[in-house]
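1. pasting the structure only:
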């Protein structure tokens with residue numbers, strides 16, 4: 001088996017577990033905070049929002065920093081640092097005796113993250129262009145599936161084993177990810193003893209700045225779209241259900257439907273992007289995802305919503321690998337880690353903004369408008385991508401075809 005493929009499988013498992021570790025806390029957070037001695041309902045809601053969001057905000061700040069470290073010291077040391085650090089921090093959350101300790105550990109988790117950035121950079125730089133779309137597509141399923149399945153897995157463990165076991169089991173899985181990374185991941189990295197470029201100098205070295213910005217914005221909008229409905233899903237399912245039984249479980253299954261569809265479709269769409277062009281897949285996926293959000297505002301049963309969320313997952317699956325493939329192809333290898341760090345920062349920021357936006361739109365206008373606003377964001381992004389990416393890439397391909405010597 002080629003080294004890049006073996007590394008891909010190990011990184012997939014590690015990113016899947018890492019993403020579960022960051023999102024698994026969502027359904028058990030209010031209950032765990034209550035377990036830690038907070039009894040006031042408003043205070044529980046306030047602490048829950050802080051504890052959930054702080055990990056993603058801090059991760060958005062530190063992802064470019066760890067991307068820079070990956071370019072300087074290699075990707076494998078960053079994988080080992082992040083997986084071992086997260087294993088210890090998440091396991092320690094099970095021993096938290098005060099809500100401030102829990103919030104502090106969630107913040108520390110955001111600081112030491114960077115596993116996803118290092119994995120994406122490692123696979124992007126090791127894989128040849130012929131297989132890049134498939135490899136990055138397969139890798140992307142790990143983080144999205146882990147993030148979307150995390151709340152369901154966390155809820156299942158809490159219900160069947162206990163709230164503290166959510167942290168103990170996730171921490172143990174992260175330790176397995178650390179050991180598999182230590183044993184199986186191989187990297188030929190020669191450290192360049194050059195002056196470390198500042199972010200401004202890195203940006204000056206990016207050859208296609210507008211295209212890079214467009215890819216970061218698309219990744220940001222996609223993440224907003226995936227997470228805008230998270231805070232309102234349970235409320236919406238309650239409105240649609242004739243019975244109040246198992247509403248939380250049903251909401252979790254509906255939310256996870258997008259993640260399952262993603263796992264099925266991302267590698268195939270990655271291969272399709274390799275064959276017909278990543279820019280075509282991005283544009284088509286944005287349009288289909290944007291249109292799919294509209295009927296979600298008018299469904300009359302949870303099952304209709306579940307089918308539409310599954311279709312959304314199929315279309316969204318094409319976006320992440322296509323964005324990463326374009327970034328890989330237009331970025332010089334020496335600064336790939338830092339640019340992918342910016343990409344991960346955009347995604348983490350999208351999780352936070354998406355959750356915030358969904359809650360605010362639902363509070364001011366109603367739950368249905370969350371889907372319509374999210375649809376509008378995706379379709380506006382599609383129009384922007386058509387003029388700023390699709391046409392530019394088509395022009396670059398025509399220029400390369402007319403001058404193959406270049």
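-> In hand now; what should we look at? Please read all numbers here as calculations on a predicted model, not as lab measurements.
2. show residues contacting stretch 279-294.
-> With Cβ atoms under 8 Å, 6 or more residues apart in numbering as the test, stretch 279-294 has contacts from 218, 222, 225, 269, 272-273, 308, 311-312, 315-319, 322-323, 326, 371-372, 374-379, 381-382, 385-386, 389-390, 393-394. (C-beta placed from N, C-alpha, C; glycine too.)
3. and it, what's its mean pLDDT?
-> For stretch 279-294, mean pLDDT is 90.
4. same deal with stretch 23-33?
-> 72.
5. again, but for stretch 371-379
-> So the average pLDDT for stretch 371-379 ends up being 93.
6. list the contacts of it.
-> Contacts of stretch 371-379 (Cβ under 8 Å, 6+ apart): 221-222, 224-225, 228-229, 286-287, 289-291, 293-294, 296-297, 357-358, 361.
7. now the buried members of the contacts of stretch 279-294.
-> Buried subset of the contacts of stretch 279-294 (neighbour count, 16 or more other Cβ atoms under 10 Å): 218, 222, 225, 269, 272-273, 308, 311-312, 315-319, 322-323, 326, 371-372, 374-375, 377-379, 381-382, 385, 389-390, 393.
8. list the buried residues for stretch 260-267?
-> Quick answer for stretch 260-267 (16+ other Cβ under 10 Å): 260-263, 265-267.
9. my bad, should have said stretch 114-132
-> Neighbour-count burial for stretch 114-132 flags 114-127, 131-132 (criterion: 16+ other Cβ under 10 Å).
10. now do the contacts for residue 211.
-> 326, 330, 388-389, 392-393.
11. a markdown table for those, including pLDDT?
-> Shown next, in a markdown table, are the contacts of residue 211 (pLDDT from 0 to 100):
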| residue | pLDDT |
| --- | --- |
| 326 | 83 |
| 330 | 82 |
| 388 | 81 |
| 389 | 79 |
| 392 | 74 |
| 393 | 73 |
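12. next, give me the two most distant ones among those residues.
-> 330 and 388 (13.2 Å; Cβ to Cβ).
13. follow-up on the earlier one: just the buried ones from the contacts of stretch 371-379?
-> 221-222, 224-225, 228-229, 286-287, 289-291, 293, 296-297, 357-358, 361.
14. please parse this protein into its domains.
-> Domain assignment for the chain, taken from the TED database, gives 1-185, 206-405.
15. any chance of those in JSON lines, with distance to residue 198 too?
-> What follows is the domains of the chain, written out as JSON lines (distance: least, Cβ to Cβ, whole Å):
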{"stretch": "domain 1-185", "distance to residue 198": "9"}
{"stretch": "domain 206-405", "distance to residue 198": "10"}
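16. now tell me which helix or strand of the protein has the poorest mean pLDDT.
-> When the helices and strands of the chain are scored by mean pLDDT, DSSP states H and E, helix 391-402 comes last with a mean of 71.
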